[in-house]
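Participant: Make a model of this:
(2 chains)
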Amino acid sequence: MSQETLRKPLSPQQLASSKNRSLFSGDTRLGWLLVAPALLIVLGMVGYPFLEAIRISFTDRMIGRGPGEFVGLDNYRYIIQWPQFTEMVVRTVSFTIVAVFLKTVVGLILATALNQDFRGRNILRGVFMLPWILPTYIIVLVWRWIFDGQTGVLNQILMSWGLIDANIPFLAKTWSAIGILIFVLVWKGYPFYALTFLAGMQTIPKDLYEAAKVDGAGRLARFRYITLPGLQQVMGVVILLSTIWTMNTLEIPLLLTGGGPSNDTEVFPLLTYHLALQNFRLGEGAALPIMMLPVIALLVLGVASYMDREAIE
Amino acid sequence: MTNVFDRIPESVFRVISAAVIGILLFMIIFPLYFMLITAFKVEREIYSELTWIPLEPTIQNFYDVFYNFGIPLYLRNTLIVAGITTLIVIIVSVLASYALTRLRFPGRAGMARGVLFVYLVPSSLMLIPMYLIIVKLGLTNSYTGLVIANMSFSVPFCTWLLMGYLRSISAEMEEASLIDGCTRMLSLWYIVIPLSVPGIVTAAIFTFNNVWNEFIFALVLAQDDAHKMISVGLANFYRADFYMVGPMMAGSIIAMTPVVILYILAQRYVVSGLSAGAVKG
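Facilitator: This next block holds a predicted model:
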């Protein structure tokens, strides 16, 4: 309890009044009362469904076929023994790493570029927010059409410039489909990085740079020894958060490639969707996310520790 | 110890910056530009060869979207679900965040931390469980089901965001009102809420937009026309190997307009909310 009191930055007035116990005597009842609606929603709509999913992962329940029977670890065994399982995990992990890396790099570059003083900077910042604020499904549908092999704009452009003779089905070829998936993930994601990095950069005192300049530090040295350390906290949170989001994105692969061509872009959330809602195998569909839980939990704990630390400050 | 970066003169560096911004800007404008012009093209022109400006500008696609496809109905459904969800989420989150930041009671610390964890639970983990519960409750193809699903991610997020906001504003006036004999609830209503308007606006915008933009749960939970959300309605313009490109682009422009307007109106709030909610906590 005393440790908890320390966590919050208290104003002198608050400190003074918190000694006055009588003010807070009704806090316990009122506190629980005010938290109750939120708690009910979270327990009922996140906690309970989650426990229910764990239970169902041990059954052979299928859509439209009653409750199903207890089958122990069969679903887990089935998924692990499935020949493409390892491929799917490797694919999910590598797409995530590549996408997060590119988002970080592009985000840093854009934030650095936008951090300079020039006219129209605020308007530009607004435009760069677009990919982040626009509905994901619209963005994916538009890119999918652009890369479409029949009527896509990219094919039309390449054709009109005489670069190709016949339409290329970009989304039907392994490597271009993978490339496009990562491209759209990055396109949608880097503005959030850039905007938070930019916000972080603007909290770094300008005189640090001036002093470093006077001491003869070059551009790279200033970036490395002032900007990067100053951004460390923000970068840590953003990268971990985005790793969780990127790894769990279902919407983008579902609408862009649907896992194709021939499962080459079938990532973990997509496989969950396909197992449970296309093959109607709810037991397996429930088991797969639970198998990924340790990885997700580790990432979540990582972010939570970062964000908690910030909250204490 | 000079390296390549340091040898670049300042003027050249500015040019490089401008070029980088230019390229990234182009990548953002490119799809949006084609979305815009394609919405005003006649069907023949879309499928023939490339044109950068519509040869025969038309509003036929918008007309089709409104009168031949159920878009107005889907927009209405989405507005209802997003409105109800936002209202409930804001009320619930304001109460919870106030209690979790300002009151001292056993269980507070654990719950405050719990909020963060629940907010971080990815939706791919919740898809099947949520689907099962909604089916069990018989709430597929209903506004209630959609509201419940959307609330489940928005409540933890908004509570977290508002907790961050409340921590950042001073408790002085509140304390003064309490010492003067104001009850907690009166102080919440007359002092805390008016002071938190920017935070509440940010939370409301995020919630509304999240529901408006949500696709996966809308797809899984509501397939019938009477309750279909705009995201699912638009995705249906793409069927198997055939795109109804013109109507899809026109529909996309209509669907993204409210989102863009909200952000333009509230850009100031959103940028501060971005650092308060997603980074600073």
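Participant: Tell me, how many residues neighbour residue 120?
Facilitator: Just going to use chain A. A:Gly120 has 8 neighbouring residues, counting by other Cβ atoms under 10 Å in any protein chain shown. To be clear about C-beta, it is placed using only N, CA and C from the backbone, and glycine gets the same treatment.
Participant: my bad, chain B
Facilitator: For B:Leu120, the neighbour count with other Cβ under 10 Å is 23.
Participant: Looking at it now. What's its pLDDT?
Facilitator: Note on B:Leu120: pLDDT of 82.
Participant: just B:Asp64 next, same as before
Facilitator: With respect to pLDDT, B:Asp64 has a value of 86.
Participant: which element is it on?
Facilitator: helix B:60-67 (DSSP states H and E).
Participant: is chain A contacted by that helix?
Facilitator: No: using Cβ under 8 Å from any Cβ of the partner chain, we find that helix B:60-67 stays clear of chain A, coming within 13.6 Å at best.
Participant: contacting residues around residue 123?
Facilitator: No chain was given, so I picked chain A. By Cβ atoms under 8 Å, 6 or more residues apart in numbering or on different chains, A:Ile123 lies in contact with nothing.
Participant: Wait, chain B was what I had in mind.
Facilitator: When contacts are counted by Cβ under 8 Å, 6+ apart, B:Ser123 touches A:248, A:250, B:153, B:216-217.
Participant: ok so, going back, what helices or strands is the helix holding B:Asp64 leaning on?
Facilitator: Applying 3 or more Cβ pairs under 8 Å, 6 or more residues apart in numbering or on different chains; DSSP states H and E, we find helix B:60-67 packed against helix B:245-265.
Participant: For the helix it packs on, buried residues please.
Facilitator: For helix B:245-265, the neighbour count (16 or more other Cβ atoms under 10 Å in any protein chain shown) marks B:245-256, B:258-259, B:262-263 as buried.
Participant: Closest one to A:Gln116 out of those, please.
Facilitator: B:Tyr263 (24.2 Å; Cβ to Cβ).
Participant: So the spatially closest residue to the closest one that is not a sequence neighbour versus B:Leu75, what's the distance?
Facilitator: Computed as Cβ to Cβ, 6 or more residues apart in numbering or on different chains, the closest residue to B:Tyr263 that is not its neighbour in sequence is A:Ile133, at 5.0 Å. Using Cβ to Cβ, to the nearest Å, A:Ile133 is found at 18 Å from B:Leu75.
Participant: the domain parsing of the chain - what is it?
Facilitator: Let's take chain A. A:1-56, A:78-312 (automatic domain parsing).
Participant: Chain B was what I was after
Facilitator: B:4-59, B:64-280.
Participant: and the longest one, how far from the chain's centre?
Facilitator: In this case it means domain B:64-280. 7 Å (Cα atoms, centre = their mean, to the nearest Å).
Participant: picking that back up, most neighbours per residue, which of the domains of chain A?
Facilitator: Stretch with highest mean neighbour count among the domains of chain A: domain A:78-312 (a mean of 18; mean count of other Cβ atoms under 10 Å in any protein chain shown).
Participant: where does the spatially closest residue to A:Leu110 that is not a sequence neighbour land in three-state SS?
Facilitator: In space, and not counting its chain neighbours, A:Leu110 is closest to A:Ala194: 4.0 Å by Cβ to Cβ, 6+ apart. What DSSP: H, G, I helix; E, B strand; the rest coil gives for A:Ala194 is helix.
Participant: Show me where the stretch 1-150 of chain A has its helices.
Facilitator: Remark: helices assigned in the stretch 1-150 of chain A by DSSP state H, counting those that start in this stretch are A:2-7, A:12-18, A:27-42, A:48-56, A:74-81, A:85-114, A:121-133, A:136-146.
Participant: now the ones you listed as TSV including mean pLDDT?
Facilitator: Output for the helices of the stretch 1-150 of chain A, formatted as TSV (pLDDT from 0 to 100):
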stretch	mean pLDDT
helix A:2-7	42
helix A:12-18	50
helix A:27-42	88
helix A:48-56	88
helix A:74-81	87
helix A:85-114	92
helix A:121-133	86
helix A:136-146	93
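Participant: Turn those helices into JSON lines, including distance to A:Leu158.
Facilitator: Compiled in JSON lines, the helices of the stretch 1-150 of chain A are given as follows (distance: least, Cβ to Cβ, whole Å):
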{"stretch": "helix A:2-7", "distance to A:Leu158": "58"}
{"stretch": "helix A:12-18", "distance to A:Leu158": "65"}
{"stretch": "helix A:27-42", "distance to A:Leu158": "51"}
{"stretch": "helix A:48-56", "distance to A:Leu158": "46"}
{"stretch": "helix A:74-81", "distance to A:Leu158": "41"}
{"stretch": "helix A:85-114", "distance to A:Leu158": "24"}
{"stretch": "helix A:121-133", "distance to A:Leu158": "24"}
{"stretch": "helix A:136-146", "distance to A:Leu158": "12"}
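Participant: isn't A:Gly189 right next to A:Lys103, touching?
Facilitator: Yes: the pair A:Gly189 / A:Lys103 is scored as a contact, 4.6 Å apart, by Cβ atoms under 8 Å.
Participant: who touches both of these two?
Facilitator: A:242, A:246.
Participant: For the stretch 201-313 of chain A, which residues are neighbours of chain B?
Facilitator: Going by Cβ under 8 Å from any Cβ, the residues of the stretch 201-313 of chain A near chain B are A:218-221, A:223, A:234, A:237-238, A:241, A:244-245, A:247-251, A:254-255, A:268-269, A:272-273, A:276-277, A:282, A:285-286, A:289, A:292-293, A:296, A:300, A:303-304, A:307-308, A:310-311.
Participant: and if we set it to 7 Å?
Facilitator: A:218-220, A:234, A:237, A:244, A:248, A:250-251, A:255, A:269, A:272-273, A:276-277, A:282, A:285-286, A:289, A:296, A:300, A:303-304, A:307-308, A:310-311 (Cβ under 7 Å from any Cβ of the partner chain).
Participant: Now the stretch 201-313 of chain A against chain B: closest residue?
Facilitator: Nearest to chain B, among the residues of the stretch 201-313 of chain A, is A:Gly218, at 3.2 Å (Cβ to the nearest Cβ).
Participant: separation between that residue and A:Tyr209?
Facilitator: Going from A:Gly218 to A:Tyr209 by Cβ to Cβ gives 12 Å.
Participant: same thing with B:Arg239?
Facilitator: On the measure of Cβ to Cβ, B:Arg239 and A:Tyr209 end up 55 Å apart.
Participant: Could you do B:Pro106 as well?
Facilitator: Note on B:Pro106: its distance to A:Tyr209, by Cβ to Cβ, is 48 Å.
Participant: before we move on, what about B:Tyr243?
Facilitator: 50 Å.
Participant: And for A:Trp82?
Facilitator: From A:Trp82 to A:Tyr209 the distance is 54 Å (Cβ to Cβ).
Participant: Equivalent analysis for A:Gly72, please.
Facilitator: To A:Tyr209, A:Gly72 is 62 Å away according to Cβ to Cβ.
Participant: those helices in the stretch 151-300 of chain A, which residues are they?
Facilitator: So, for the stretch 151-300 of chain A - with DSSP H, counting those that start in this stretch - the helices run A:153-160, A:174-201, A:206-214, A:219-222, A:228-247, A:251-256, A:268-273, A:282-312.
Participant: Throw those into a markdown table and include mean pLDDT, thanks.
Facilitator: Below are the helices of the stretch 151-300 of chain A laid out as a markdown table (pLDDT from 0 to 100):
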| stretch | mean pLDDT |
| --- | --- |
| helix A:153-160 | 87 |
| helix A:174-201 | 92 |
| helix A:206-214 | 86 |
| helix A:219-222 | 83 |
| helix A:228-247 | 88 |
| helix A:251-256 | 92 |
| helix A:268-273 | 90 |
| helix A:282-312 | 80 |
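Participant: shaky segments in the stretch 151-281 of chain B?
Facilitator: Flagging of the stretch 151-281 of chain B using pLDDT under 70 yields the residue ranges B:240-242, B:270-281.
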